[in-house]
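Engineer: model the structure of this input:
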Amino acid sequence: MHFDKSPSLFTSRREMTFIGHCSVSPLYSKAADIAVELLRAQEKRGGGGVLTAYMEQLNELKTHTATLLHTRPENIAAVKNTSDALSMVANGYPFEPGDEVITFTQEYPANFHPWKLQEVTRGVRLKLLSSIPAREDIPSSVTGRWSMEELEALITPRTRIIALSHVQFTSGYAAGLRQLGQLCRERGIDLVIDAAQSLGVQPIYPEEMNISALAAAGWKWLLGPMGIGVFYTSPAFREKLRPVQVGAETMVQEFDFMNLEWNPSSSARRFEFSTSPVYLVAALATCLREIHARYGADAIFQEAIRLQNILLDRLDNPAFKPLLFEEEHRSGILSIYCEGLEGIRMRLKEENIVCAPRSGMLRVAPHFYNTEEDMERLVNVLNNYEPGQSVG
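Structural biologist: Below you'll find the predicted structure:
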């Protein structure tokens, strides 16, 4: 696969070496262009400058997201972010007091607090998977992974939902979604996945994997703007959820504002209860069309792993301890434990290299447009760093 890594498309390459796509990623240049174009259109002509593009861009976003996920556009909704989507799921789910949700003890807040709210307000019991250290020579408090064995042991007849990230945001541990989905199918459990750290860098197919709902922010691996994300739900799962946010666009009649009949759409459009930000929608749709549909998730993931392996093959400084998982549990995030994290962060800043420090680890997260030279620059800094050395 030949990837176009041109600085004209990824203009951040002219400014820095960015290897932290698990954080807020640089925006794809053509995505920025269309967002500005639509903003200028509204500036000059008001609604007439953007309303004709509104549904076209929204439909394009759903079409390309559906292609990426191997599903149908009617199962996709545009949302502000992952928290927005998962809050609608948690608040709308038909829980009864005593029902159970299983999640990870160090789960990302977007896929933790909505379920905790159900425990506080609706009598749901939240059961937590413990963290298993990824290495024996680092503090046990450092996030590692969870185990299928413990998960199965936590399941009871009252378990309604398993809510997990596809990729854990600190350690980079990737769940085995096919195995997890099969378990949920056998037990009659709904699987809800936060895909913010995987969608756009590795394959994820909710219908094949028996995922009931999936949400992802658009500004990480999808390379889009902040403030827009995507939300998948299966048709059967949507039927379980009561509406918790509604507006004109929830309804089948949509823009017929004088028709106040209660008639929610059966498609995922029911979650787009209000006007979507057309500038952000168009920008993310551009990323999906020109990058992810062009290259495909499998090829992008293989390139990300190849770039990680360049660093792993050359890293020989014992101060840095990578968290290495089995091949099936690798992700776009390579987390490296380092006691002198603030020092190495400052050293990388001096060299104009951006990674993503978090919770005692340096998260190395290259995307397909990074180069071998980028990885060599990073590993040279790591190999020559001594914890405690002065910076500046």
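Engineer: surely residue 335 touches residue 321?
Structural biologist: No: Residue 335 is beyond contact range of residue 321, at 9.6 Å (criterion: Cβ atoms under 8 Å). C-betas here are computed from N, CA, C, even on glycine.
Engineer: more neighbours: which of those two?
Structural biologist: In terms of neighbours (other Cβ atoms under 10 Å), residue 335 is the more surrounded of residue 335 and residue 321; the figures are 31 against 19.
Engineer: which residues touch the more buried one?
Structural biologist: For residue 335, the contacting residues are 134, 170-172, 322-323, 361-364, by Cβ atoms under 8 Å, 6 or more residues apart in numbering.
Engineer: wasn't it part of a strand?
Structural biologist: Yes: assessed by DSSP: H, G, I helix; E, B strand; the rest coil, residue 335 belongs to a strand.
Engineer: domains of the chain?
Structural biologist: 11-28+296-383, 40-294 (automatic domain parsing).
Engineer: what mean pLDDT does the shortest one get?
Structural biologist: Which is domain 11-28+296-383. The predicted model assigns domain 11-28+296-383 a mean pLDDT of 95.
Engineer: of all the domains of the chain, which one is nearest residue 34?
Structural biologist: In terms of Cβ to Cβ, the element of the domains of the chain nearest to residue 34 is domain 40-294, at 4.8 Å.
Engineer: what ranges do the helices span in this protein?
Structural biologist: Secondary structure of the chain (DSSP state H): helices at 29-45, 51-69, 82-92, 113-122, 148-154, 177-187, 235-240, 278-287, 293-295, 297-314, 341-350, 372-383.
Engineer: what sits up against the second one?
Structural biologist: This means helix 51-69. For helix 51-69, the surrounding residues in contact (Cβ under 8 Å, 6+ apart) are 38, 41, 72-78, 199-200, 204-207, 214, 230, 232, 268, 272, 276, 278, 281-282, 284-285, 288-289, 292-293, 297.
Engineer: with the fourth one instead?
Structural biologist: When contacts are defined by Cβ under 8 Å, 6+ apart, helix 113-122 is touched by residues 83, 86-87, 89-91, 93, 95, 97, 101, 103, 124-126, 161, 163.
Engineer: and those, which two are furthest apart?
Structural biologist: Pairwise over those, using Cβ to Cβ, the maximum falls at 83 and 97, 24.7 Å.
Engineer: so between those two, which is more surrounded?
Structural biologist: residue 83 (20 against 8).
Engineer: which residue comes closest to the more buried one once chain neighbours are left out?
Structural biologist: Distance criterion Cβ to Cβ, 6 or more residues apart in numbering; nearest residue to residue 83, sequence neighbours excluded, is residue 110 at 4.3 Å.
Engineer: likewise residue 366?
Structural biologist: Nearest residue to residue 366, sequence neighbours excluded (Cβ to Cβ, 6+ apart): residue 307, at 4.1 Å.
Engineer: what of residue 339?
Structural biologist: That would be residue 387: by Cβ to Cβ, 6+ apart, it lies 5.8 Å from residue 339.
Engineer: the one you found against residue 342, yeah?
Structural biologist: No: counting by Cβ under 8 Å, residue 387 does not reach residue 342; the two are 10.2 Å apart.
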